[in-house]
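> Show me how the following folds:
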Amino acid sequence: MVGSPICSYLPKGSKEILDLSYNHLYGELPLSLPSSKIRKVDLSSNHFFGAIPSSFFQQASNLISFNVSNNTFTGYVPSSICLHYSPFVRLLDFSSNQFSGNLALGLGECSELQVFRAGHNNLSGLLPEDIYNATKLKEIALPINSLRGAISDKIVNLTNLKILDLNLNQLSGKLPLNLGKLSKLKFLTVDFNNLEGTIPTSLMNCTNLVELCLGINNFEGDISMLNFSRFSQLTKLDLRYNNFTGMFPVSLYSCRYLKAIALTGNHIEGQIQIEILSLKSLSFLTLGSNRFTNLTGTMKILMSCKSLQTLSLVGSFVGEGMPFDDDMVDFDGFQNLRALNMAGTNLTGEIPVWLSKLKNLEILILAFNQITGPIPSWLGNLPRLFFINLSYNRISGEFPKQLCRLPRLVYEPIASQVDQYEFELPVYSSLTTNRNFQPYKFSLFPTMIDLSNNNIVGDIPTEIGQLHLLRQLALYSNNFSGVIPDQISNLQNLEVLDLSMNHLSGRIPLSMASLTFLKKFNVSYNNLGGPIPTSTQIQTFNTSAFEGNPKLCGAPLPNKCGSNKGIDEDDTNNEDLDNEPHQLLWFYIFTALGFIVGFWGVCGSLVVNKTWRYIYFQFIDNIQDRLYVMIIMRINTMKRRLRG
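The predicted structure follows:
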């Protein structure tokens, strides 16, 4: 259904269920429900707006479920619903709207309330104290708001609680010491807050935990002292970006159902043990920005993790060498690996050949290291690779043409082949543009080649025009020369093009006017000349995108373009200079041939034949006599004229 206010769809009879979810309806709520017999109201996923009138629940004495999620409602969350009108309500879902202000008192009167959701709003203030009186609560989900203050010790009254989701708020203080009394708890998600202190040991009594997410807080303590082996059902553990110390907790090896471990951004030391192979379902592992050692040993172990799909070691194993092919002898591991991030570790060595065997690899990040040598041509043969970041290294050589044949950047996949795989845990990176950090599908990552800040030389290959699906191309801060190839205009999906700080010459191709999706464009500090293509999106970029090219002219640069003659002559001269070596070569060849033909064709014959030699010299004498007579006659004539 499309359009029309909600009043048009309210039941007139005695129906008990009002379900208008997943339509295109709009409008404000009426002053009250039309019937006291309605037990369930579901208006979710529409376009309803405005505040919920305080009188709306006057005839809602039998209401047990109220869901208005995913609309644009504003104002306060009607927390007093149970206080005056609906004492038997079991589910309240206000999530994904624009509610604001504090949560008022009143939820504690909901003696039957089991599910309370109000995430993805603009709520602020403290959690209302009386919410802990609703002892039948099984789920409290208030993520992505601006709630502050501490989690009250009274939360232990909610002994039926299974889900506590408070991530992405501004909560502070410590976790309640007796949190372990919530023995039915399955999902504890409080990441991205300002919580601090140690993890209460009582938490180990929550033996039904399936997901434990404490990341991006200020927690501390020796992580190896926690006995994770009691979490026999645990599938996901997120402790990223805290201040944990100690060794990798060996008790985690007992959590047989673990799919994801995230420890990035702590102060954890030691080495990964072979016992990690007991985690048969491990798919997501991030160990970055810690103090782990023995990278080669770690990779030898992890390559046997058959289920591993995402591996991030960014900022760990600092200063060690890239595992060489000799170290990875009889390599046949990582067969299901999709994403490998080894950035920011100052790794030395070259890009190893064993990476060429990762036929399922889609994302490869080796940025911010000390990698040397050329880009291997086999990189272009990886059938699923679409995201390459080799920036900020010391890579040399040329841009391999084989890289322009990456299947995932050349051929449009059919709908059935589009990868819907999701990371087991949220990904926190520069790719996320808002506070709504959700599990990212691989398909949401941009197709990208980033080779910036290296020592790559030579031309940008014309074959680059084959990468029709490429969205980001960063080649800045290298030693590329030659011209910008026209074929770049074939990259119709390109959103980022950065060729700055190279030695490129010639013009900006007029054909680049067809790149209508560009969000970032930079060709500064090259040797480009001529007018910037007019009436194109390229002209909309800031002058900083073109600076450092003295011969460039036209908007948005302040210097106006004059006659094109000088530029054309420069282009002609550049062509002549380019052709000069070839012209000189042919000049020397023809000179040599002329000498051979002229000298040996005449002199050679005189040496061989005596008669020819006699005739030749007699001919020369006759020529000399004639010249002498002509000169004398000319002199006498001039003398007579002078005397006259």
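> element containing N360?
For N360, there is no enclosing helix or strand under DSSP states H and E.
> How many neighbouring residues does it have?
By the criterion of other Cβ atoms under 10 Å, N360 has 15 neighbours. Heads up, the C-betas are built off the backbone N, CA and C, glycines and all.
> go on, the one 10 residues further on?
Using other Cβ under 10 Å, Q370 has 15 other residues around it.
> if I look at it, how far off is N102?
53 Å (Cβ to Cβ, to the nearest Å).
> for R240, same thing?
Separation of R240 from N102 (Cβ to Cβ): 30 Å.
> Let me see the contact set for S254.
Contact partners of S254, counting by Cβ atoms under 8 Å, 6 or more residues apart in numbering, are 228-229, 232, 278.
> Can you tell me, leaving aside adjacent residues, what's nearest to A545?
Of all residues not flanking A545 in the chain, N522 sits nearest, at 4.7 Å (Cβ to Cβ, 6 or more residues apart in numbering).
> Bridged to the one you found, which residues?
When assigned by DSSP bridges, N522 has beta-bridge partners D498.
> repeat for I261
L237, L285.
> what's the neighbour count on it?
As a burial measure, I261 scores 24 neighbours (other Cβ under 10 Å).
> Which of the contacts of S254 has the largest number of neighbours?
Within these, neighbour counts (other Cβ under 10 Å) peak at F228, which reaches 21 neighbours.
> Tell me if I'm right that that residue and C255 touch.
Yes - counting by Cβ atoms under 8 Å, F228 does reach C255; the two are 5.9 Å apart.
> okay, and the common contacts of those two?
Common contacts of F228 and C255, defined by Cβ under 8 Å, 6+ apart, comprise 234, 237.
> one step back: please verify my assumption that the residue nearest to A545 contacts Y476.
Yes - contact between N522 and Y476 holds when scored by Cβ under 8 Å: they sit 6.8 Å apart.
> Of those two, which one has the most company?
Comparing N522 with Y476 by other Cβ under 10 Å, the one with more neighbours is Y476, at 22 against 19.
> which residue ranges form the helices in the chain?
In the chain, the helices defined using DSSP state H lie at 81-84, 295-302, 407-410, 565-595, 601-608, 610-643.
> Give me the buried stretch members for the third one, please.
This points to helix 407-410. For helix 407-410, a neighbour-count test (16 or more other Cβ atoms under 10 Å) marks 408-409 as buried.
> What average pLDDT does it get?
Averaging pLDDT along helix 407-410 gives 93.
> what is in contact with N522 and Y476 at once?
Here N522 and Y476 have 498-500 as joint contacts, going by Cβ under 8 Å, 6+ apart.
> export these to TSV and tack on distance to D130, pLDDT and neighbour count?
Output for these, formatted as TSV (distance: Cβ to Cβ, whole Å; pLDDT from 0 to 100; neighbours: other Cβ atoms under 10 Å):
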residue	distance to D130	pLDDT	neighbour count
D498	55	97	19
L499	61	97	24
S500	59	97	24
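> ok, the residues you listed vs M303, which is closest?
If you rank the shared contacts of N522 and Y476 by distance to M303 using Cβ to Cβ, D498 comes first, at 34.4 Å.
> gap between that closest one and R394?
D498 sits 19 Å away from R394, going by Cβ to Cβ.
> leaving aside the residues next to it on the chain, what's closest to N194?
Nearest in space to N194, with sequence neighbours left out and distances taken as Cβ to Cβ, 6+ apart, is S172 at 4.4 Å.
> how about the strands in the stretch 401-550 of the chain?
For the stretch 401-550 of the chain, the strands defined by DSSP state E, counting those that start in this stretch cover 448-450, 457-459, 472-474, 479-483, 496-498, 503-506, 520-522, 527-531.
> Make sure T345 is actually in contact with M322.
No - using Cβ under 8 Å, T345 is not in contact with M322, being 9.3 Å away.
> what about G562, neighbour count?
So G562, with other Cβ under 10 Å, has 10 neighbours.
> And L263, by the same measure?
26.
> need the contact list for it.
L263 is in contact with 223, 239-240, 244, 248, 286-287, 290, counting by Cβ under 8 Å, 6+ apart.
> let's go with 6 Å and repeat that
Going by Cβ atoms under 6 Å, 6 or more residues apart in numbering, L263 touches 239, 287.
> I464 touches L403, doesn't it?
No - using Cβ atoms under 6 Å, I464 makes no contact with L403, being 8.5 Å away.
> for the chain, which spans come out with low pLDDT?
The chain contains residues with pLDDT under 70 at 1-14, 327, 329-331, 414-420, 428-440, 563-644.
> before we move on, the earlier item: for the strands of the stretch 401-550 of the chain, please prepare TSV with the additional fields distance to I17.
TSV is the format used below for the strands of the stretch 401-550 of the chain (distance: least, Cβ to Cβ, whole Å):
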stretch	distance to I17
strand 448-450	48
strand 457-459	68
strand 472-474	49
strand 479-483	66
strand 496-498	50
strand 503-506	67
strand 520-522	51
strand 527-531	67
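> so which of those strands comes closest to L552?
Across those, L552 has its closest neighbour in strand 527-531 (5.4 Å, Cβ to Cβ).
> burial count for P34?
15.
> An error on my part: the question was meant for G319.
For G319, using other Cβ under 10 Å, the count is 10.
> which ones are touching it?
N346.
> can you do 8 Å?
Applying Cβ under 8 Å, 6+ apart, the residues contacting G319 are 345-346, 348.
> do you know how far it is from N346?
Going from G319 to N346 by Cβ to Cβ gives 5 Å.
> just T72 next, same as before
Taking Cβ to Cβ as the measure, T72 falls 49 Å from N346.
> Please name the nearest non-neighbouring residue to M448.
What sits nearest to M448 in space, not counting adjacent residues and going by Cβ to Cβ, 6+ apart, is Q472, at 4.0 Å.
> The one you found against N493, yeah?
No - taking Cβ under 8 Å as the definition, Q472 is not a contact partner of N493, at 9.7 Å.
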